[in-house]
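S.K.: predicted model and sequence below, questions to follow.
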Amino acid sequence: MLSDKDIADKVLVREHLAHLNVTPVLSVEEIEAYKTKITALLKEKNACLVAHYYTDPVLQSLAEETGGCVADSLEMARFGSNHPASMLVVAGVRFMGETAKILNPEKRVLMPTLEATCSLDIGCPEQEFSQFCDQYPERKVVVYANTSAAVKARADWVVTSSCALDIVEHLMDQGESLIWGPDRHLGRYIERETGADMLMWNGSCIVHEEFKAKGISELKAVYPDAAILVHPESPEAMVELADVVGSTSQLIKAACDMPNETFIVATDKGIFYKMQQLAPTKRFIEAPTGGNGATCRSCALCPWMAMNGLQSLLAVLETEDQEIFVDDGLRDKALVPLRRMLDFTSSQRLALAGNA
């Protein structure tokens, strides 16, 4: 049974989506013409294109071809900080652009559209979340990267799905109890895996929440040798069926490393571009979303990610009018938990390299 807040959140998201325009289909010739113009402008403006795994495959390939980056949100943040370009063009959703600006105040950060947001961000307003946190001052506040700069500024730590388990375990070792926001499914997964004492904000991703265990089970019966790959933003029943639960980068690695020839993938289907690129002989099947409670037959596509297209990318490079700004005071506060995350994951990398 959905709570009043769940229903209100879904209505809010649906209303927000109602006016959005998804990128139209282009011919091969049009695609090449756009790519040529965009490549020239990226070079002319000393700009770097950073794209998320969930964006259109054409944008992902263009980012690679022009010396940019295709990655999850953690690696996008790290790449943007280390790249010498004076301008970052972030193909993704708004919180990714904000994160890039927080970490790189000296660089201009543009996005193909500033309307591309996230249901987790929408469902976690800063004022309400702060009031929730204020009730438990003894707890450390850990927020998922899919949040606004203002919510990050209220947090002690920022995490992504690729580093959340390790950071929560680190905080447990220090004897901390936590407030977690905003994705309740990812939070419950971390709670089960670590045993951490966590109070949850009640948010969810409109893409991952639509995957249904019944549909996965039926598909598994058709492909009994297939491995099931599930993002931890998915409901618990989905996680229980998974062979691998992980972030986008972790699921891609699993697809490459596992011996299975077929994979049922429960996350945004934009990830198939990188999976097929790195494991071209394997088969990847979109996990079904139909069934009891689903609002569509196949929801494995973020509508906001789909707003990133070649036309909007070219337009922003020509006009430079879709720029991300973050207030200096807010930036200083949000930088603290972001820097903690990046420093923590960097130290982990060094430790792994030393043990190799």
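M.R.: Cool, got the structure. Numbering: from 1, shown residues only.
S.K.: going forward, measure contacts between C-alpha atoms and count neighbours the same way
M.R.: Noted.
S.K.: show me the strands in the stretch 151-300 of the chain, by range?
M.R.: Taking DSSP state E, counting those that start in this stretch to define them, one finds strands in the stretch 151-300 of the chain at 157-159, 178-181, 198-200, 227-230, 244-245, 262-266, 283-286.
S.K.: mind checking which of those strands is nearest K107?
M.R.: Evaluated with CA to CA, the strands of the stretch 151-300 of the chain place strand 157-159 nearest to K107, the distance being 21.7 Å.
S.K.: report the mean confidence score over the closest one.
M.R.: For strand 157-159, mean pLDDT is 97.
S.K.: so what are the sheet partners of it and their directions?
M.R.: With DSSP bridges as the test, strand 157-159 is paired with strand 140-144 (parallel).
S.K.: picking that back up, can you add distance to M238 and mean neighbour count and give the strands of the stretch 151-300 of the chain back as JSON lines?
M.R.: Conversion of those to JSON lines gives the following (distance: least, CA to CA, whole Å; neighbours: other CA atoms under 10 Å):
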{"stretch": "strand 157-159", "distance to M238": "22", "mean neighbour count": "26"}
{"stretch": "strand 178-181", "distance to M238": "20", "mean neighbour count": "26"}
{"stretch": "strand 198-200", "distance to M238": "19", "mean neighbour count": "20"}
{"stretch": "strand 227-230", "distance to M238": "7", "mean neighbour count": "25"}
{"stretch": "strand 244-245", "distance to M238": "10", "mean neighbour count": "21"}
{"stretch": "strand 262-266", "distance to M238": "8", "mean neighbour count": "24"}
{"stretch": "strand 283-286", "distance to M238": "14", "mean neighbour count": "18"}
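S.K.: closest one to K101 among the ones you listed?
M.R.: Closest among those, using CA to CA: strand 157-159, at 15.4 Å.
S.K.: how is the chain partitioned into domains?
M.R.: Following automatic domain parsing, one finds the domains of the chain at 4-118+305-325, 120-205+329-355, 208-286.
S.K.: between the two ends of the shortest one, how far is it?
M.R.: What it means is domain 208-286. In domain 208-286, first residue to last residue: 12 Å (CA to CA, to the nearest Å).
S.K.: which is the next helix or strand following the worst-scoring helix or strand of the chain on mean pLDDT?
M.R.: In the chain, the helix or strand scored least confidently by mean pLDDT, DSSP states H and E is helix 4-18, which has a mean of 45. Note on helix 4-18: by DSSP states H and E, the next helix or strand toward the C-terminus is helix 28-44.
S.K.: great, nothing more from me.
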